[in-house]
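**Q** Structure for this input, please:
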Amino acid sequence: MEHFVLCDTMGILTPEKTYVWVRDILQLVNNAALGVHFHNDLGMALENTLQAVIAGASMISGTFRGIGERAGNIPLEQVLNGLRLRFGIEVEGINYEALSQVTDYLDSLGVRPASPYSQAALRHESGIHVNGFLRDPDSYHIFPHANPEIWFGKCSGSSNFQYLFEKQLNKPLTPEDYNRIRDKIKSLSIQEQRCFSPEEVVELFERGFFND
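**A** Numbers count the residues shown, from 1 in each chain. Presented below is the predicted three-dimensional model:
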């Protein structure tokens, strides 16, 4: 079944507003299939998702352990267990006994999002986000007392490198330079299965890594 998906990309919704938002939309669209995708920047993704389901949402977009940028997405295992224990709702086809096996395995790999409000939760790798920063500093940043951290990886766009060299280093490059650096970092990120800090990108630049 296809769904329309409501996204709280910056995790700024509250449970009370989420319930009303989903309920009112479903009333307006005659209960069309509606999904939700919530982030955890303020630590409310779980409760927001549960309230969305109670209000009528029929699809959840999330990840095990909440893996995702910054403070991550909604942890699916928390939603499934929360619906089961708090509201008596069991999702058909789910092996609840296997949920802990999945999360334990991810824990053993050290795979987890940053904690809400932490410095690591201020890191943005997505090129869409950084392009937004260049147009409006408040577009993808909700913490007024801390600056965002721009990181670089497989999801980065040329805007990430424009932000670094123009906004932070005051050393503007050409659009062709930004595209070349982006392509090299994407390949390196996939090869090494990690993203890179601004300091690492500057070091690679000074070593001539991007000159090919």
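**Q** Tell me, what's the model's pLDDT at Met1?
**A** The predicted local distance difference test score for Met1 is 65.
**Q** hey, which helix is longest across this protein?
**A** helix 175-192 (DSSP state H).
**Q** Next, the residues that contact that helix from outside, please.
**A** Counting by CB atoms under 8 Å, 6 or more residues apart in numbering, the neighbours of helix 175-192 from elsewhere in the structure are 127, 152-154, 156-158, 160-162, 165, 173, 195-196, 201, 205, 209-210, 212. Just so you know, the C-beta spots here come from the backbone N, C-alpha and C atoms, and that holds for glycine as well.
**Q** Can you give me every residue that contacts the nearest residue to Arg112 once chain neighbours are set aside?
**A** Counting by CB to CB, 6 or more residues apart in numbering, Arg65 is the residue found nearest to Arg112 once chain neighbours are left out, at 5.5 Å. Shown in contact with Arg65 (CB under 8 Å, 6+ apart): Gly72, Pro75, Glu77, Thr103, Leu106, Asp107, Val111, Arg112, Pro113.
**Q** Looking at those residues, which gets the smallest pLDDT?
**A** In terms of pLDDT, the least confident member of those is Val111, at 81.
**Q** wait, it sits on Gly68?
**A** No - with contact defined as CB atoms under 8 Å, Val111 and Gly68 do not form a contacting pair (10.9 Å).
**Q** Mind checking which of those two has more residues around it?
**A** Counting neighbours by other CB atoms under 10 Å for Val111 and for Gly68 shows that Gly68 has the greater number, 18 against 13.
**Q** Over to that one. Which of the three states is it?
**A** At Gly68, secondary structure determined by DSSP: H, G, I helix; E, B strand; the rest coil is coil.
**Q** And the residue nearest to it when sequence neighbours are not counted, how close does it get to Leu106?
**A** For Gly68, the nearest residue in space outside its immediate sequence neighbours is Pro113; the separation is 5.8 Å by CB to CB, 6+ apart. Distance of Pro113 to Leu106, given as CB to CB, to the nearest Å: 11 Å.
**Q** Counting neighbours, go ahead and name the busier of those two.
**A** Set side by side, Pro113 and Leu106 give different neighbour counts by other CB under 10 Å, the larger being at Pro113 (21 against 17).
**Q** all strands for this structure, in order.
**A** Defined through DSSP state E, the strands belonging to the chain, from first to last, are 4-8, 34-38, 59-61, 123-124, 149-150.
**Q** What strands line up against the third one, and which way round?
**A** Applying DSSP bridges, strand 59-61 is found paired with strand 34-38 (parallel).
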